[in-house]
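> Got a predicted structure here, sequence first:
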Amino acid sequence: MSPILTLYLPLLAPLAAAGAAAALGRRVAAWIGLAAAAAILAAGGALAATVTDAQPVTAGLLRADALTAFMLIVIGAVATVACWASVHHLADEATTGSGDPATERRYLILVQLFLAAMSLAVLADNLGLLWVAVEGTTIVTAFLVGHRRTRASVEAAWKYVVLCSVGIGIAFLGTVCVYAASVAAGAHGTAALNWTHLAAHTASLDPDLTRLAAGLILLGFGTKAGLAPMHAWLPDAHSQAPAPVSALMSGVLLSVAFYAILRYKTITDAVLGPTYARALLLVAALASLAVAALLLISQRDYKRMLAYSSIEHMGLVALGTAIGSRLAITAVLLHILGHGLGKAVAFCGAGQLLTTTGSTRIAAVRGLAGRHPALAGSLGLALLALLGLPPFSLFASELGIARAGLAAGHGWAIAVAFALVLISFAALARHGAGMLLGPPDPSLIPISEPTRRVVTSY
């Protein structure tokens, strides 16, 4: 396959699957959607074997370098897990009668458009097109969050739309500042926002406009990435969306939004030096870790628990990016991949758990290992991975971030950050152990009771 065709495949495959979902039945369309997710993964792997930072693949407004290829692998891997879970999710909806052909068709189309928008975001050479793609994910996922059309899901969807639209609006202002700085430096038309042009002309960009842009970009795209203080949409949206959609949002959408921050940081660091962006990222990282630690302690809902865990992990990603050394960025990318896969499995397991128990309350799930060992095993492994225990990759990435921070002289930030991580670890471990191994509460209906499966699907 030619590199140019591989560049377009992550866009064409989900768009074709969306067309198939509009024309074909649920079962066939769901499996075609899974094939489209696998195609994104294959394209990412093919590009990773082809591109280098010195020789990226370009075609019009699309461009793929090593970071793009890595992000496509993350999107494809998480999407493959989520689309496989969607096959069973829709089958459960059909069994329980909570879905209908129109709802199923809409769900399958929106999921594929979601994948296409995320793929476009990481493939875009133009930073304006990157902004459009991230805004596209907001529009598509708003309907997915409100998929069940309950009062809680619709409220979560509106909260998501309002907060993320504010964030994306702020990111738009940052993009305008970059455009103004680029035009003032002599660029014209769409080239003024092309990543390749900006990276090659950082010396001529206005420092004041770039400084303003850096703050706006971090606040705007940081909202979509789930960083504090603009994180409030995330627990509600993740807890109300169907489980496969939560897997995509937590496992990869947050990372795609942070990808935009990584792209802009390369430009702002070249213009301003690393100190300014580092200070902003350290504040966001420590604030996110503190929010997650405090709210995980008293959490009573296991889907919201996983959502707050996502805030914690994005805080660690921001911490590693703030450090900015080669080791730190390597650890950040490993963390993005490990968190994406772990959170995808955890949310899909949580969705099956909701179908089995009919409740998202942590207290309603006890002794799962003895009653549903397969479900408990997959959920338990995902929780162990998210806790950062060996041999899972998050152990290596967190260790890499800590080592990089100490080597760069940021010992105080590492000490505070990992003290908060330890609190989150204890809270997540306590909740997870109770769900998997805790004695059943006699006041609750046994989770193996068949009538539980008629409750609304995940």
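Cool, the structure landed. Numbers count the residues shown, from 1 in each chain.
> C-alpha only now, for contacts and for neighbours.
Fine.
> what about residue 371, how many residues close to it?
Residue 371 is flanked by 14 other residues according to other Cα atoms under 10 Å.
> what's the answer for residue 294, then?
15.
> domain ranges for the chain?
The chain breaks down by the TED database into domains covering 1-123, 273-440.
> can you list these in CSV and add mean pLDDT?
Compiled in CSV, these are given as follows (pLDDT from 0 to 100):
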stretch, mean pLDDT
domain 1-123, 88
domain 273-440, 92
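> Same list (those domains) but as JSON lines, adding distance to residue 183.
Below are the domains of the chain laid out as JSON lines (distance: least, Cα to Cα, whole Å):
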{"stretch": "domain 1-123", "distance to residue 183": "18"}
{"stretch": "domain 273-440", "distance to residue 183": "21"}
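> Of all those domains, which one is nearest residue 262?
domain 273-440 (7.7 Å; Cα to Cα).
> just how off-centre is the closest one within its chain?
Chain-centre distance of domain 273-440: 13 Å, with Cα atoms, centre = their mean, to the nearest Å.
> count of residues packed around residue 49?
Residue 49: 11 surrounding residues under other Cα under 10 Å.
> same thing with the one 10 residues further on?
By the other Cα under 10 Å criterion, the neighbourhood of residue 59 contains 14 residues.
> Surely residue 63 is in a strand?
Yes: Residue 63 forms part of a strand when assessed by DSSP: H, G, I helix; E, B strand; the rest coil.
> and the helix or strand where residue 154 lies, which residues are buried?
Using DSSP states H and E, residue 154 sits within helix 151-184. Neighbour counts using 16 or more other Cα atoms under 10 Å place 153-161, 163-183 of helix 151-184 among the buried residues.
> and the very next helix or strand once past it, how far from the chain's centre?
The helix or strand immediately downstream of helix 151-184 is helix 195-200, counting by DSSP H and E. Put simply, helix 195-200 sits 26 Å off its chain's centre (Cα atoms, centre = their mean).
> what's next to helix 195-200, contact-wise?
Residues external to helix 195-200 that are found in contact with it (Cα atoms under 8 Å, 6 or more residues apart in numbering): 125-127, 182, 191-192, 266-267.
> again, but for stretch 263-276
198-199, 202-203, 205, 207, 210-211, 214, 217, 277.
> Let me know the closest of these to residue 109.
Of those, the one sitting nearest to residue 109 (Cα to Cα) turns out to be residue 217, at 30.1 Å.
> correct me, but that closest one touches residue 177?
No: look at residue 217 against residue 177 with Cα atoms under 8 Å: they stay out of range, at 9.8 Å.
> CA atoms of stretch 60-77 as CSV?
Output of stretch 60-77 as CSV, limited to C-alpha atoms (Å, rounded to 0.1, in the frame of the first residue of the first chain):
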residue,chain,number,x,y,z
GLY,A,60,-2.4,18.5,1.0
LEU,A,61,-3.6,19.5,4.5
LEU,A,62,-2.7,16.0,5.9
ARG,A,63,0.7,15.1,7.3
ALA,A,64,2.0,12.1,9.3
ASP,A,65,5.2,12.0,11.3
ALA,A,66,6.3,9.6,14.1
LEU,A,67,3.9,11.3,16.6
THR,A,68,1.0,11.1,14.2
ALA,A,69,1.7,7.4,13.6
PHE,A,70,1.8,6.7,17.3
MET,A,71,-1.5,8.5,18.0
LEU,A,72,-3.2,6.5,15.1
ILE,A,73,-2.0,3.3,16.8
VAL,A,74,-3.5,4.5,20.1
ILE,A,75,-6.8,5.4,18.4
GLY,A,76,-6.9,2.2,16.4
ALA,A,77,-6.1,0.0,19.4
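> Next, the buried residues of that stretch.
61-77.
> got a list of contacts for that stretch?
With Cα under 8 Å, 6+ apart, stretch 60-77 has contacts from 7, 10, 37-45, 47-48, 51-53, 55-58, 115, 118-119, 122-126, 252, 256, 336-337, 340-341.
> So which of those belong to strands?
Mapping those onto strands (DSSP state E) picks out 57-58.
> Are any of the contacts of stretch 60-77 buried, and if so which?
7, 10, 37-45, 47-48, 51, 56-58, 115, 118-119, 122-126, 252, 256, 336-337, 340-341.
> For the host helix or strand of residue 20, which residues meet the burial criterion?
Using DSSP H and E, residue 20 maps to helix 3-23. Across helix 3-23, burial judged by 16+ other Cα under 10 Å covers 3, 6-22.
> before we move on, what about stretch 370-389?
Result for stretch 370-389 [16+ other Cα under 10 Å]: buried residues 375-376, 379-380, 382-388.
> Please convert these to a markdown table, extending it with secondary structure.
As requested, these are exported to a markdown table (three-state DSSP):
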| residue | secondary structure |
| --- | --- |
| 375 | helix |
| 376 | helix |
| 379 | helix |
| 380 | helix |
| 382 | helix |
| 383 | helix |
| 384 | helix |
| 385 | helix |
| 386 | helix |
| 387 | coil |
| 388 | coil |
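> between the residues you listed, which is nearest residue 234?
residue 386 (17.6 Å).
> quick one: contacts for that closest one?
Residue 386 is in contact with 309, 339, 342-343, 394, counting by Cα under 8 Å, 6+ apart.
> mind checking how far the residue nearest to residue 183 when sequence neighbours are not counted is from residue 65?
In space, residue 183 comes closest to residue 192 once its chain neighbours are excluded; the distance is 6.1 Å by Cα to Cα, 6 or more residues apart in numbering. Separation of residue 192 from residue 65 (Cα to Cα, to the nearest Å): 20 Å.
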